[in-house]
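A.B. asks: okay, here's the prediction I keep looking at, along with the sequence it came from:
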Amino acid sequence: MTKDKLILGIETSCDETAVSVVKNGSEILSNIVASQIESHKRFGGVVPEIASRHHVEQITLVIEEAIARANVGYEDLDAIAVTEGPGLVGALLIGVNAAKAISFAHDIPIVGVHHIAGHIYANQLVDKLEFPLLSLVVSGGHTELVYMKEHGHFEVIGETRDDAAGEAYDKVARTLNLPYPGGPHIDLLAQNGNPTIKLPRAWIEGTYDFSFSGLKSAVINTVHNAEQRGETIKPEDLAASFQASVVDVLVSKTVQAAKEFEVKQVLLAGGVAANKGLRNTLEQAFQTLPEIKLSIPPLSLCTDNAAMIAAAGTVFYQKGQRAALNLNGNPSLDITIHN
Ligand code: KG4
Ligand code: ZN
């Protein structure tokens, strides 16, 4: 019988201070998330300096709570998995330094984890992964189609050429005077509207790349033109039209890539995976492709958390990956480091 693997996950790449203990890469023993959203709201986005300061204040408390809730001691941990990048450098450094301090004090190895690898592995907390697989990663900073032929191997087959999907949601929300982060607000409005306003879809034929800045500008222009003409647009209809455009492109490209790469499983990952419209449309699309298993994590595992970092870290730990004590936060880390 092999011994259980207990991994402490630490995530501080943006505006959540998150720590978790995960058993064998799939069983959550604790998952603590201290969100800073309230502090950033009045600025309409994440302020890096404020994010770092909050992480410093929270990190020790959140680590202690995650350890206590999991009912384990440091001596029980096999490794510490920490988000190494990408993200805000000052924010990343708080998590990386906390990991190094625990590693040094308790002689526990560190595994550096790419944030997007974490989002993808959130799926392992709810489903067994079957390879080859395709993951649609949609977050505030990333929109990517990632092909995986096996555990820990990542190939980006398509990505956004400008704005990330979540970024477009947040900017459109700001135009509609909705609070930050705007994604969930647009999602709610869209559920009560009809997609009656014609908006562009950037297909970028022949590639799996995405583009959302043209769509974002089209929404902003639609609002300004209506204001100038003294017309009113129903925000619900604008939200529904914007969401239809985003979801249409995301789902069409995912289905096309899943067929071309003959994958066994498709995973949804990242904060925008919480989007109702996207979840429903993806589910409908894959109902017609029963040979491909679709996995969609629960909402709490879609947005930033540390259980996903621990889940990914377990895989890399078992593959023998270790970080040295000179580990640094890397804001532009490439996901293929794990290959
Ligand atoms: O993955 P995440 O928590 O942080 C990053 O790594 O970026 O994603 C945050 C993004 C934000 O842009 C937020 O507006 C978006 O995810 N988001 C949503 C929804 N919930 C969160 N976007 C659309 N619909 C939602 N329900
Ligand atoms: Zn994220």
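C.D. replies: Now that the structure is in, tell me what you want to look at. Ligands and ions are numbered 1, 2, ... in the order given.
A.B. asks: contacts only, for Ser13.
C.D. replies: Neighbouring residues of Ser13 by Cβ atoms under 8 Å, 6 or more residues apart in numbering: 83, 85-88, 91-92, 95, 115, 304. Where you see a C-beta, it was placed from the backbone N, CA and C, and this is true even at glycine.
A.B. asks: out of those residues, what pair is the most spread apart?
C.D. replies: Largest separation among the contacts of Ser13 by Cβ to Cβ: Gly85 and Asp304, giving 13.7 Å.
A.B. asks: so for these two, which residue has more residues nearby?
C.D. replies: Asp304 (27 against 23; other Cβ atoms under 10 Å).
A.B. asks: for that one, give its distance to Lys3.
C.D. replies: 30 Å (Cβ to Cβ, to the nearest Å).
A.B. asks: contact partners for the residue in the stretch 1-150 of the chain that ligand 1 sits nearest to?
C.D. replies: Closest to ligand 1 within the stretch 1-150 of the chain is Gly140: 2.7 Å, counting by Cβ to the nearest ligand atom. Gly140 makes contacts with 14, 164, 166-167, 170, 181, 183, 271-272, as judged by Cβ under 8 Å, 6+ apart.
A.B. asks: go again using 10 Å as the cut-off
C.D. replies: Going by Cβ atoms under 10 Å, 6 or more residues apart in numbering, Gly140 touches 14-15, 45-46, 164-170, 181, 183, 270-272, 303-304.
A.B. asks: from these, list the buried ones, please.
C.D. replies: Neighbour counting by 16 or more other Cβ atoms under 10 Å classes 14-15, 45-46, 164-170, 181, 183, 270-272, 303-304 among those as buried.
A.B. asks: doesn't Ile220 lie inside a helix?
C.D. replies: Yes. Counting by DSSP: H, G, I helix; E, B strand; the rest coil, one finds Ile220 located in a helix.
A.B. asks: residues near the closest residue to it other than its chain neighbours, how many?
C.D. replies: Leaving aside its sequence neighbours, Ile220 sits nearest to Thr175 (Cβ to Cβ, 6 or more residues apart in numbering; 5.1 Å). Thr175 has 18 neighbours, counted by other Cβ under 10 Å.
A.B. asks: hang on, the earlier thing: okay, and the common contacts of Gly85 and Asp304?
C.D. replies: 13, 115.
A.B. asks: for this structure, which segments count as helices?
C.D. replies: 37-41, 48-70, 89-106, 115-121, 165-175, 183-191, 213-228, 235-260, 276-287, 299-302, 307-318 (DSSP state H).
A.B. asks: quick one: which of those helices is nearest ligand 2?
C.D. replies: helix 115-121 (5.6 Å; Cβ to the ion).
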